[in-house]
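Student: My questions are about this predicted structure, shown below with the sequence.
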Amino acid sequence: MRKLNVLVAQYPNQDAVFRIVPARVEAAIARAPASLPPLEFSWCATDDPAFGERATAADAMIGFRFPTDQIKRPGSALRLIQVAAAGIEHLLPLDWLPRSVALATASGVHAPKIREWAAMVLLMLHSRMPHFVTAQRAHQWSKAYSSHIAGRSALIVGTGGIGGSIAAAAHGLGIRTTGVRRNIRPTRHFDAVIGLQDLNDAVASADFVVLAMPLTPTTRHIVNADLFGRMKPEAGFANFGRGGLVDQEALRAALVAGTLGGAIIDVTDPEPLPPDSPLWDAPRLIITPHLSCDDPESYVPRTLDLFLDNIRRRVEGRPIRNRVVRSRAY
């Protein structure tokens with residue numbers, strides 16, 4: 001079999017945590033099964049004038065941000081694009097994607113890290129840490145008691161790789177989990193699963209409401225003033241998905257009004273959050289800079305393992321993992 005040409009799309013100022021370097025590629029190939037076809041890796045910056053030509057000459061490509069308008073070219077050899085992230089909202093709409101090219105996400109590579117982070121967030125929300133952080137900033141000695149976390153309930157909106165890991169962390173703490181997804185079916189780590197149409201009613205009984213779904217035009221501001229108004233006044237809120245899922249002014253207003261117990265968000269809209277955003281000063285809110293899933297030691301290796309497996313599957317004519325279904329991407 002001829003060597004397959006594989007392109008690593010590098011965008012400028014990429015964080016080192018996500019940088020794919022030759023040594024990591026060599027290590028991933030060494031870990032791969034013997035059935036992996038021979039590969040020839042090359043690298044190209046996404047702002048290189050030759051990027052489009054390099055991309056369409058490759059058999060497979062891995063990257064996060066790239067100029068989509070340069071992918072759809074006549075006679076392209078490209079058959080697989082591996083996105084090095086779980087979300088693809090920055091690539092929507094997919095009108096640029098040729099039918100002959102399979103697009104896959106890196107859903108699931110975050111699992112070990114997000115499970116630890118989720119356990120921490122749930123414990124912090126339950127133990128009223130956002131309250132204590134706010135009190136400390138105000139130089140106040142303000143007590144807020146909490147009981148055992150076991151037996152509490154978590155409503156997790158999104159049941160994919162990240163949502164499943166959050167549910168696993170919740171189970172480890174004795175928390176009952178309900179997942180929210182488009183199509184209702186039994187899902188691992190969830191005690192129950194409901195449809196999106198039932199979200200408004202379900203939030204009223206949840207001790208924790210956690211977002212772990214992708215951002216699309218239909219999910220933007222899915223959590224808004226109305227939804228915050230339906231939550232328990234003592235409920236904890238967390239966002240592991242995307243900042244655009246939440247009406248941030250509604251979140252701030254709920255915290256200021258005291259109708260929400262506390263919140264911890266790892267994502268904002270926009271990112272980075274501007275220094276003059278009023279969200280910084282919202283009470284009982286902890287903001288982290290979009291890093292809950294990012295493990296500098298294992299993120300890239302796990303993503304490369306997935307990518308190489310998908311290359312092998314594509315060559316063998318088998319379904320690839322995490323393939324994006326066009327009809328569900330909008």
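Tutor: Okay, I see it. Small disclaimer: the values here were computed from a predicted structure and weren't measured.
Student: how's the protein carved up into domains?
Tutor: Residue ranges for the domains of the chain, per automatic domain parsing: 4-109+296-328, 111-287.
Student: Out of those domains, which is the most enclosed?
Tutor: domain 111-287 (a mean of 18; mean count of other C-beta atoms under 10 Å). Just so you know, the C-beta spots here come from the backbone N, C-alpha and C atoms, and that holds for glycine as well.
Student: and the end-to-end length of that domain?
Tutor: Across domain 111-287, the terminal residues are separated by 21 Å (C-alpha to C-alpha, to the nearest Å).
Student: Tell me how far that domain lies from the chain's centre.
Tutor: Computed by C-alpha atoms, centre = their mean, to the nearest Å, the chain-centroid distance of domain 111-287 equals 14 Å.
Student: quick revisit: let's have the domains of the chain in CSV, adding mean pLDDT.
Tutor: Shown next, in CSV, are those (pLDDT from 0 to 100):
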stretch, mean pLDDT
domain 4-109+296-328, 95
domain 111-287, 97
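Student: Can you classify residue 193 as helix, strand or coil?
Tutor: Assigned by DSSP: H, G, I helix; E, B strand; the rest coil, the conformation of residue 193 is strand.
Student: Same check on residue 180?
Tutor: strand.
Student: Was I right to think it contacts residue 194?
Tutor: Yes - counting by C-beta atoms under 8 Å, residue 180 touches residue 194, with 5.7 Å between them.
Student: joint contacts of these two?
Tutor: residue 202 (C-beta atoms under 8 Å, 6 or more residues apart in numbering).
Student: Which parts of the protein are strands?
Tutor: Along the chain, counting by DSSP state E, strands occupy 4-10, 39-45, 60-63, 80-83, 102-104, 153-157, 176-181, 192-195, 208-211, 236-239, 262-265, 285-287.
Student: want to throw the ones you listed into JSON lines with distance to residue 127?
Tutor: Shown next, in JSON lines, are these (distance: least, C-beta to C-beta, whole Å):
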{"stretch": "strand 4-10", "distance to residue 127": "42"}
{"stretch": "strand 39-45", "distance to residue 127": "46"}
{"stretch": "strand 60-63", "distance to residue 127": "40"}
{"stretch": "strand 80-83", "distance to residue 127": "36"}
{"stretch": "strand 102-104", "distance to residue 127": "38"}
{"stretch": "strand 153-157", "distance to residue 127": "15"}
{"stretch": "strand 176-181", "distance to residue 127": "18"}
{"stretch": "strand 192-195", "distance to residue 127": "26"}
{"stretch": "strand 208-211", "distance to residue 127": "12"}
{"stretch": "strand 236-239", "distance to residue 127": "10"}
{"stretch": "strand 262-265", "distance to residue 127": "10"}
{"stretch": "strand 285-287", "distance to residue 127": "12"}
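Student: out of those, which comes closest to residue 122?
Tutor: strand 208-211 (6.1 Å; C-beta to C-beta).
Student: Can you list the strands that the closest one pairs with?
Tutor: Paired strands of strand 208-211, with direction, are strand 153-157 (parallel), strand 236-239 (parallel) (DSSP bridges).
Student: List the contacts of the first one.
Tutor: So the one you mean is strand 153-157. Contacts of strand 153-157 (C-beta under 8 Å, 6+ apart): 122, 163, 166-167, 170, 175-180, 190, 199, 202-203, 205-213, 222-223, 241.
Student: okay but residue 111 is in contact with residue 160, surely?
Tutor: No - using C-beta under 8 Å, residue 111 is not in contact with residue 160; the gap is 10.4 Å.
Student: So which residues of the chain form helices?
Tutor: 22-31, 51-57, 111-126, 129-137, 161-172, 199-202, 225-230, 248-257, 299-316 (DSSP state H).
Student: Residue 282 is nearest to which of those helices?
Tutor: helix 248-257 (4.5 Å).
Student: And residue 244, how close does it get to residue 116?
Tutor: 25 Å (C-beta to C-beta, to the nearest Å).
Student: same question, residue 251
Tutor: Residue 251 is 25 Å from residue 116, by C-beta to C-beta.
Student: Repeat that for residue 212.
Tutor: Residue 212 is 15 Å from residue 116, by C-beta to C-beta.
Student: Repeat that for residue 183.
Tutor: In terms of C-beta to C-beta, residue 183 sits 29 Å off from residue 116.
Student: ok, now residue 39?
Tutor: 33 Å.
Student: Same check on residue 262?
Tutor: 20 Å.
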